[in-house]
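Engineer: would you be able to build a 3D model of this:
(one chain, ligands or ions: 1)
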Amino acid sequence: MTTVSSGRDASTTTSSVAFVDLGAQHAEISAQVAEGMAQVMHDSSYINGAEVQRFERAWAEYCGLARAVGVASGTDALELALRAVGVGAGDDVIVPTNSFIATAGALARLGAVPRFVDCDPTHLLMDPAQIGSAVTSRTRAVVPVHLYGQLAPMDEICDAARAADLVVVEDAAQAHGARRGGRRAGSWGAAAAYSFYPGKNLGAYGDGGAVGTSSVEVARSVEELRNHGSRARYDHPVLGFNSRLDTLQAVVLNAKLAQLDRWNAARRVAAGRYDEMLRGVPGVVRPSTSESNEHVWHLYVVRVPERDRVLQALHHAGIPAAIHYPTPIHLTGAFSHLGQGTGDFPVAEKAADEILSLPMHPHLSEAQQQQVVEALARALS
Ligand SMILES: Cc1ncc(COP(=O)(O)O)c(C=O)c1O
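Structural biologist: Numbers count the residues shown, from 1 in each chain. Below is the predicted model of the structure:
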């Protein structure tokens with residue numbers, strides 16, 4: 001059993017149930033990956049090789065976008081996308097406080113200021129009703145997050161953004177392949193950021209990311225920004241970064257993309273089984289899917305009373321549950337200078353005390369899920 005070497009995914013080697021089973025994924029694509037990597041080494045095409053361009057074309061087509069531009073991480077994808085659509089230092093950007101810190105960190109890195117909004121209590125997604133009152137004269141953009149694998153309410157968010165003349169940049173790090181009303185994550189805004197962190201639904205063998213867009217200008221700008229602000233060799237019209245997607249990572253992503261729909265379908269089957277098994281467990285609030293969404297279950301997040309005690313009991317039973325995320329972003333030390341505190345975003349704060357992510361991946365068996373649910377029922381009894 002393989003683990004993701006990051007506390008973020010809370011994998012463990014002590015249990016027969018993995019939080020994320022990357023070994024099982026690799027077993028399905030190992031021959032293709034080995035052959036592809038050998039070719040890259042043979043060609044010495046480590047930077048911007050043919051596999052990168054092949055992946056960019058395939059990923060754009062899969063997402064229903066004109067262009068995808070590979071970058072070094074999801075965080076870089078967010079920052080470069082925001083820069084490419086014209087967000088700069090001193091601008092305000094509206095973001096949900098219920099997200100991974102990178103959503104706000106990426107915009108803070110370019111000198112913009114996050115203006116947080118709360119989430120809705122049912123799906124824990126950005127609440128579009130709060131966008132209007134968060135707008136200031138400096139607000140330039142809004143970054144909805146498709147958290148846990150389902151799209152934020154994009155129709156309402158795009159309407160609110162249009163009314164306030166804001167650019168929409170989607171954080172699609174957790175929603176590879178998810179759809180709302182038949183439309184893929186990343187195809188709603190001016191640009192979208194995807195993360196290929198190993199534990200994601202489409203994960204590399206290290207860090208990676210991409211910006212998706214249907215704007216030729218935005219794509220061109222990201223291509224420059226990721227490559228030292230360069231359009232042609234040693235011509236640097238703008239200041240850029242070194243943030244390219246490695247060719248070796250593109251080999252893995254091409255191999256995995258061919259499996260993504262099947263793996264997402266397997267996640268949906270596993271989520272359906274959890275729903276059934278947890279129906280009879282008192283105290284557990286199961287996750288809800290918004291009506292027009294096709295969820296891809298990056299995470300299966302329940303809510304329970306006495307969450308910390310329950311989490312500890314699960315760990316004692318060898319079940320690698322986790323929390324995504326224990327601290328809403330406005331309460332992190334990194335953003336304490338904004339002066340927000342407890343009580344400012346009550347829905348996200350309450351959720352942070354109750355949420356519990358159960359093991360979820362495409363190779364999760366019914367027996368393993370039974371083991372998880374039995375341990376959870378014991379912890380709650
Ligand atoms: C919602 C969200 N946004 C952004 C990121 C940042 O992606 P990366 O870790 O690839 O930089 C992540 C990944 O952890 C994420 O889950």
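
Engineer: flag the shaky bits of the chain, pLDDT-wise.
Structural biologist: 1-15 (pLDDT under 70).

Engineer: could you point out the longest helix of it?
Structural biologist: Identified as the longest helix of the chain according to DSSP state H is helix 22-43.

Engineer: for it, C-alpha coordinates in CSV please.
Structural biologist: What follows is helix 22-43, C-alpha atoms only, in CSV (Å, rounded to 0.1, in the frame of the first residue of the first chain):
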residue,chain,number,x,y,z
LEU,A,22,-1.7,5.7,-4.9
GLY,A,23,-0.1,2.2,-5.1
ALA,A,24,-3.3,0.8,-6.6
GLN,A,25,-3.5,3.6,-9.1
HIS,A,26,0.1,3.1,-10.1
ALA,A,27,-0.4,-0.6,-10.6
GLU,A,28,-2.9,0.1,-13.3
ILE,A,29,-0.6,2.4,-15.3
SER,A,30,2.9,1.3,-14.4
ALA,A,31,3.9,-0.1,-17.8
GLN,A,32,2.7,3.1,-19.7
VAL,A,33,4.5,5.3,-17.1
ALA,A,34,7.7,3.3,-17.3
GLU,A,35,7.7,3.4,-21.1
GLY,A,36,6.9,7.1,-21.2
MET,A,37,9.5,8.1,-18.7
ALA,A,38,12.2,6.0,-20.5
GLN,A,39,11.4,7.9,-23.7
VAL,A,40,11.7,11.3,-21.9
MET,A,41,15.1,10.1,-20.6
HIS,A,42,16.2,8.8,-24.0
ASP,A,43,15.2,12.2,-25.5
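
Engineer: correct me if wrong: Asp127 contacts Ala134.
Structural biologist: No - between Asp127 and Ala134 there is no contact, the gap being 10.2 Å when judged by CB atoms under 8 Å. (Each C-beta comes from the backbone N, C-alpha and C, glycine too.)

Engineer: need the residues touching each of these two.
Structural biologist: Val117 (CB atoms under 8 Å, 6 or more residues apart in numbering).

Engineer: which one's more surrounded, those two?
Structural biologist: Asp127 (22 against 18; other CB atoms under 10 Å).

Engineer: which ones are touching Val301?
Structural biologist: With CB under 8 Å, 6+ apart, Val301 has these contacts: 124, 148, 287, 324, 355-358.

Engineer: what of Glu51?
Structural biologist: 36, 40, 45, 247, 250-251, 254.

Engineer: near the ligand, from those?
Structural biologist: Among those, no residue lies close to the ligand (CB under 6 Å from any ligand atom).

Engineer: excluding its backbone neighbours, what's nearest whichever residue of the stretch 1-150 of the chain sits closest to the ligand?
Structural biologist: Going by CB to the nearest ligand atom, the ligand is nearest to Gly74 of the stretch 1-150 of the chain, at 2.5 Å. Excluding the flanking residues, the one nearest Gly74 by CB to CB, 6 or more residues apart in numbering is Ser195, at 2.4 Å.

Engineer: can you check Glu217 too?
Structural biologist: Ala84 (7.9 Å).

Engineer: returning to that earlier point: right, and out of the contacts of Val301, which lies closest to the ligand?
Structural biologist: His324 (7.9 Å).

Engineer: leaving out sequence neighbours, find the closest residue to the closest one.
Structural biologist: Ser357 (5.1 Å).

Engineer: surely that neighbour is in a helix?
Structural biologist: No - Ser357 is assigned strand when assessed by DSSP: H, G, I helix; E, B strand; the rest coil, not a helix.

Engineer: that one and Pro320 touch, don't they?
Structural biologist: No - look at Ser357 against Pro320 with CB under 8 Å: they stay out of range, at 9.6 Å.

Engineer: just the buried members of the contacts of Glu51?
Structural biologist: 36, 40, 247, 250-251, 254 (16 or more other CB atoms under 10 Å).

Engineer: ok but Phe116 is inside a helix, no?
Structural biologist: No - counting by three-state DSSP, Phe116 is not found in a helix; it is strand.

Engineer: show me the contacts for it.
Structural biologist: 94-97, 104, 134, 328-330, 340, 344-345 are the contacts of Phe116 under CB under 8 Å, 6+ apart.

Engineer: mind running it again at 6 Å?
Structural biologist: Neighbouring residues of Phe116 by CB atoms under 6 Å, 6 or more residues apart in numbering: 97, 330.

Engineer: next one: Ser221
Structural biologist: Ala84.

Engineer: that one in helix, strand or coil?
Structural biologist: Going by three-state DSSP: Ser221 is helix.

Engineer: beta partners of Arg183?
Structural biologist: Arg180 (DSSP bridges).

Engineer: next, count neighbours for the residue of the stretch 1-150 of the chain closest to the ligand.
Structural biologist: 27.
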